[in-house]
Structure formats: structure tokens, C-alpha cells
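**Q** Following is a predicted model, sequence given first.
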Amino acid sequence: MLGLMQSQPLLISSLIAFAERHHGDGEIVSRRVEGDIHRYTYRDLARRSRQLANALDGLGLERGDRVASIAWNGYRHMEMYFGVSGSGRVLHTINPRLHPEQIAWIVNHAEDRVLCFDMTFLPIAQAIHAKCPTVKQWVALCDADQLPQDSGIPGLVSYEEWIGGASDQYAWPEFDENTASSLCYTSGTTGNPKGALYSHRSTVLHAYAAALPDVMCLSARDAVLPVVPMFHVNAWGLPYSAALTGCKVVFPGPALDGKSVYELIEAEGVTFAAGVPTVWQMLLNHVGSVGGKFRTLNRTVIGGSACPPAMITAFQEGYGVTVLHAWGMTEMSPLGTLASLKNKHLDLPEAERMHWLQKQGRAIFGVDMKIVDGEGRELPWDGKTFGDLMVRGPWVLDSYYRGSSPLVKDEHGHGWFPTGDVATIDADGFMQITDRSKDVIKSGGEWISSIDIENIAMAHPAVAMAACIGMPHPKWDERPIVAVALKPGAQLTREELLAFYEGKTAKWQIPDDVVFVDAIPLGATGKMLKTRLREQLADYRLPGL
Ligand code: ADP
């Protein structure tokens, strides 16, 4: 027997329609590429998204055609989120920090028909346009008078001129909720990038889940700053959750340095911000150096790579800002787990609460997870046994776009996505990443978590960033070393840092050496790029070998 409730498809257009009707005067503030601050409302966003949809119709684009963006976080990019997907096309967000050759590869793989770019990325468009024959319209996300006369890109138009002439009347089409809505490629640190193709259903369900109290706890009373880029897993879904809750949105544009982010937080009354640890390190350094405080910021979600416990403490004790440590992946839309406490943890002393807060956290409803051994047998949730982390759920990838399915079937025939992470899960359901399977250090048959070694170094006041990698060793297979970038003006010797490890971890896990570097190489999404670090240290030999 079927239920007798209305069956209405979950569509992205319903988010923007809702925001316009119920939060029409809700503010969206953007720092623009031009440097100024732009303000408008959900009502304006909805109107211009409809104009964009009409402009796409005008180009004769079919349902399912891909429309690409190479853009910072800003209002025009948000219009693409709703105008492109809402009208049944697929928004393909491209990471501008990839090499132009890789970008051209992705554009061709996705067979993008339109490509819209911020003026910052004009050189990328100039470098790749001749290699991307599927793109029939190039659009610069700028005013008509900002359009360069001699760009060399045939038919280049300004976004404002392109959508400006289009009608703002548009009836969002209804279609199957499993229709593709957006496409995001993994950063491809190993091999060619792979495309995760999200659906309207997966996106709307993820938007609901992200807003839950134990997740990001978003409401119409929040002012949200997504520092995490809209070109990387849809800014963790925040543009969609924002429309669903009607919160104020503050976009940082291209200015991601500590000073600019801090000024925006204070000027716009930001209550909630989201980003990767490297960005928050810059923010903390800046606020510390000017002796600043946060007037309104009360919580921040940090994820994408392990958040050092020292950062959680610095936010909490220094500024009264709660850190929510989150874990996810491009293949998971991206949210999987988030470390928020349960009732029974509340009466614990602060130091003990840290035990849970520093973990990657509990599964969000909609994500099922397990850890397995090499033979696929499920391992206990005791907080100690570690294994390969597997997930499944309605916003987890089934197959890669024009690629294969990585799923592993269990005895019930259910497909699980192998995350490539090694983790423990404790009796309260808190998952903790030990490492990415390719980064874990195997020493004398035991495993050393590079994240643990990095976290200890990061707690030293002189250390700005630390990366731990394994080096080949004839007896132990591998031994850990830690590469360290110091804070400006700070001094630290090898011996001092190694002494700092004493008593904080088992003796055999203490790194064999410290290598001082000017900077730790970062990848396209602001994460440490250990492959590059290994290349840089190709001639390195462990002491005594
Ligand atoms: P890529 O870096 O290949 O683009 P993603 O951006 O999707 O892929 O990154 C997903 C990976 O990032 C996870 O599998 C995990 O290894 C790592 N990661 C994400 N969040 C965390 C976290 N909070 N702690 C540790 N690792 C994390």
C-alpha cells in the first residue's frame, strides 16, 4: 500500500523559490573581484537566476547540458547555482587552482557548453579556449564596461550584458528529482580527476541535513561566511542550505587572507564561518597579531583536512568560538560526520571534552559508515581498532561521471563507497581519521598516524604548519620525519622540537628527524600536498643511513 501524501520532486529550484517568498529581503553580501562590497537580497538573487535561465534557453541549451564556472564565492556564482541547475542544466564548478592543462582536460571530459569565469581567471580562459571545442559561449562574470576588448576569445560576452536583456519571468520546470544538477571533479592528486555528478535529490537532502542542529545548526538568524570555495564541493552545500534557512550570506570573493576575512566577519556580523584549517590558521595569526576579538562569530566548521586540536583550543579559549570539526569528501556532497557532543559529555571537564571534539565526529543521519579489515570484515567500534572507512547513503556517489563504480558490495548486496581513509570508531559513534591510507606510516609492522605527529608539532607555539611523511628505512620499512614551517620571526631547533614530543606520544612514534622548510606545499583546495613534499625531499636520507 502506498502512502497518500503528495509526491513532489525534491528540486533545487524549490530552494530559491522558497527563499524569495519567505526571506525575500534576506541579505547577500559579496566582496567582489573589483574590490568593492556588493549587497542585494534573496529577491534579487531569485530574479537574476531566472534571467540566467532564460539566457541559457536563448543559447538553445538542452536539459542536462553542462555549464561551467571558474569563479570565487560571490553573488553571480550563486545565481549560477540556481539558474543553471534550476532550469535542468548541470552546473560544473571548476577549481581554478588546477593547472590549465588539467582544467582543459576537465572541460573536455565534461563537454561543457558554456563557461563563465571571473576576470581574475581571464588568463586561464585565454590559455584553454582554443583547446575546448565543446564550449560554444564564453562569459566573463563582469559588467559590460569591464569586458576586455582584445581578449582573443571569440564571442566573449559580459555576464551582465548577457543576462541583462533576458526576461525575469521564468517558470522553473518540474522533472525527476534524480536528474543531474551539478558536477565537481576531485582534485586528482593521484591520476586524472574524477567527476562526482550530484542530483537534485541528493543536493536537497544534503541541504536539509547540513542545517540540522547537530550539524551546522543554520537558521534565519545566522550570518554565514562560506570561506570554503564554491568551486570545491559546492562550498560544502552552504549556498543551498542558506536558501533553505534564509540566513544572511557573506561571500569573501578573492580576498582570503586573515585581515580581509576578519574585517568581513566584524563588519557584517558573521555568526558562522566554514573553511579548511590553513585558512583559519591565517585568520588566527592575524587576529592574534592585532589583539582582536570576535564580536559576533560564535561557531565555525573546520574540515577538509584534520583540524589540529591546538586550533580548536585557540578558537575556544582565546575567543569563545566553538569549533565543529567535520569530515567529508567530494564523493559525499561532501558532509559525512561532524564532532558535536552528546548530552552525556556536557558535564565533563573541558579537557575531557576535547577527546571527542578533536575527532572527525558522528555520522549525520543519511550517512551510514563502517570500518573493515583487509578482507572486508567489519571491525568493532571500540575507539582503538582501525580499519578502512566505508560509507553509503543518498548523497554518496554511486559511479563516477563517465567512469566506473568504486562501490564494494556487502553480503546484503548493498554497495559501500571506500573512502580511502583509515579510521577508528568509538562506542559513542565518534569516528576518528587515523590517516589517508596512502599517508599512513608503516614502521616495523605497526602503523603511525601522520595526523597525530602533525598535531603535536602544531601545538608548539613556534610552528606555523607541519607535515609528517614516512621515509624508507632498511630495518623498519618506514620511519616518520616531520617537515616544519615556522611562524614569521620564530626560532626553533631540531632538538627542541623532538624534545617537545617526549611524553606526548609513544617513543617509537616520535619522528626520526625534523626538516625545516620555508612553506609546506599546498594543493588546489588548500590541503597539504604530501606528494609534492616527497618530491622536494627526494634526496633526503634519514640520519645515520
Ligand atoms: P581531494 O582532496 O582528492 O579533492 P576531497 O577534497 O574530497 O578530495 O577530500 C576528501 C579527503 O580529505 C578525505 O577522504 C580525507 O582524507 C580528507 N579529510 C576531509 N576532512 C578531514 C578531516 N576533518 N580530517 C582529516 N581528513 C579529512
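**A** Okay, I see it. Numbering: from 1, shown residues only.
**Q** Buried residues, the lengthiest helix in the chain. List them.
**A** The longest helix of the chain (DSSP state H) is helix 42-58. By neighbour count on 16 or more other C-beta atoms under 10 Å, the buried set for helix 42-58 is 42, 44-56. C-beta: built from backbone N, CA, C; applies to glycine.
**Q** Considering these, which is situated nearest to Met528?
**A** Of all the buried residues of helix 42-58, Leu45 has the smallest distance to Met528: 35.3 Å, by C-beta to C-beta.
**Q** Pull the contacting residues for the closest one.
**A** Applying C-beta atoms under 8 Å, 6 or more residues apart in numbering, we find Leu45 in contact with 16, 19-20, 28, 75, 78-79, 82.
**Q** From those residues, pick the one nearest the ligand.
**A** Met78 (20.9 Å; C-beta to the nearest ligand atom).
**Q** ok now the strand or helix carrying that closest one, how far from the chain's centre?
**A** Using DSSP states H and E, Met78 maps to helix 75-86. Distance, stretch centre to chain centre, for helix 75-86: 18 Å (C-alpha atoms, centre = their mean, to the nearest Å).
**Q** Show the average pLDDT along the helix or strand hosting Ile453.
**A** With elements taken from DSSP H and E, the one containing Ile453 is helix 450-458. Confidence over helix 450-458 (mean pLDDT, whole number) is 93.
**Q** Next SSE downstream of it?
**A** Next element after helix 450-458 (DSSP H and E): strand 463-473.
**Q** partners of that following strand in the sheet?
**A** Strand pairing for strand 463-473, determined by DSSP bridges: strand 477-486 (antiparallel).
**Q** Give me the buried positions along the strand it pairs with.
**A** Neighbour-count burial for strand 477-486 flags 478-484, 486 (criterion: 16+ other C-beta under 10 Å).
**Q** still on that earlier bit, and the contacts of Leu45, which is closest to Trp172?
**A** Distances from Trp172 to the contacts of Leu45, taken by C-beta to C-beta, are shortest for Ile16, at 8.1 Å.
**Q** Enumerate every residue touching the closest one.
**A** The neighbours of Ile16, taking C-beta under 8 Å, 6+ apart as the test, are 42, 45-46, 49, 82, 86, 243.
**Q** For this protein, list the residues in contact with the ligand, please.
**A** Residues of the chain found near the ligand (C-beta under 6 Å from any ligand atom) are 186-187, 189, 303-307, 325-330, 334, 360, 419-421, 433, 436, 525, 527.
**Q** Identify the residue nearest Leu284 in space, chain neighbours excluded?
**A** Among residues not flanking Leu284 along the chain, Ala314 sits closest, at 5.5 Å (C-beta to C-beta, 6 or more residues apart in numbering).
**Q** who touches the helix or strand containing the one you found?
**A** Assigned by DSSP H and E, Ala314 falls within helix 309-319. Outside helix 309-319, the residues within contact range by C-beta under 8 Å, 6+ apart are 277, 280-281, 284, 287-288, 293-294, 297, 300, 302, 321-323, 325, 354, 357-358, 455, 458-459.
**Q** residues near Glu331, how many?
**A** 23 (other C-beta atoms under 10 Å).
**Q** er, Thr424 I mean
**A** 22.
**Q** Secondary structure element holding it?
**A** strand 415-425.
**Q** any idea how far Ala466 is from the residue nearest to Leu284?
**A** According to C-beta to C-beta, to the nearest Å, Ala314 stands 15 Å off from Ala466.
**Q** residue contacts, Leu141?
**A** 33, 71, 74, 76-77, 116-119, 159.
**Q** Could you do Leu264 as well?
**A** Neighbouring residues of Leu264 by C-beta under 8 Å, 6+ apart: 31, 225, 250, 252, 255, 270.
**Q** Run through the protein and note the low-pLDDT ranges.
**A** 188-191 (pLDDT under 70).
**Q** can you list the domains in it?
**A** 12-317, 443-536 (automatic domain parsing).
**Q** Including distance to Gly383, could these go into a markdown table?
**A** Listed next are the domains of the chain as a markdown table, based on distance: least, C-beta to C-beta, whole Å:
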| stretch | distance to Gly383 |
| --- | --- |
| domain 12-317 | 16 |
| domain 443-536 | 14 |
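**Q** Out of the ones you listed, which one sits most buried?
**A** Most buried of the domains of the chain by mean neighbour count (mean count of other C-beta atoms under 10 Å) is domain 12-317; its value is a mean of 20.
**Q** Off-centre distance for stretch 245-264?
**A** That offset, for stretch 245-264, works out to 16 Å (C-alpha atoms, centre = their mean).
**Q** Report the closest residue of the stretch 51-200 of the chain relative to the ligand.
**A** Nearest residue of the stretch 51-200 of the chain to the ligand (C-beta to the nearest ligand atom) works out as Ser187 at 3.5 Å.
**Q** picking up where we left off before, between the buried residues of helix 42-58, which sits nearest Ser167?
**A** Checking the buried residues of helix 42-58 against Ser167 by C-beta to C-beta gives Asn54 as the nearest, at 5.3 Å.
**Q** got a list of what the closest one touches?
**A** Counting by C-beta under 8 Å, 6+ apart, Asn54 touches 163, 166-170.
**Q** so what's the closest residue to it other than its chain neighbours up against?
**A** Setting aside the residues directly before and after it, Asn54 is nearest to Ala166 in space (C-beta to C-beta, 6+ apart), at 3.9 Å. Listed by C-beta under 8 Å, 6+ apart, the contact set of Ala166 reads 51-52, 54-55, 58.
**Q** can you list the residues you listed in JSON lines and add distance to Cys142?
**A** Listed next are the contacts of Ala166 as JSON lines, based on distance: C-beta to C-beta, whole Å:
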{"residue": "Gln51", "distance to Cys142": "16"}
{"residue": "Leu52", "distance to Cys142": "15"}
{"residue": "Asn54", "distance to Cys142": "20"}
{"residue": "Ala55", "distance to Cys142": "15"}
{"residue": "Gly58", "distance to Cys142": "19"}
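**Q** Perfect, that will be all.
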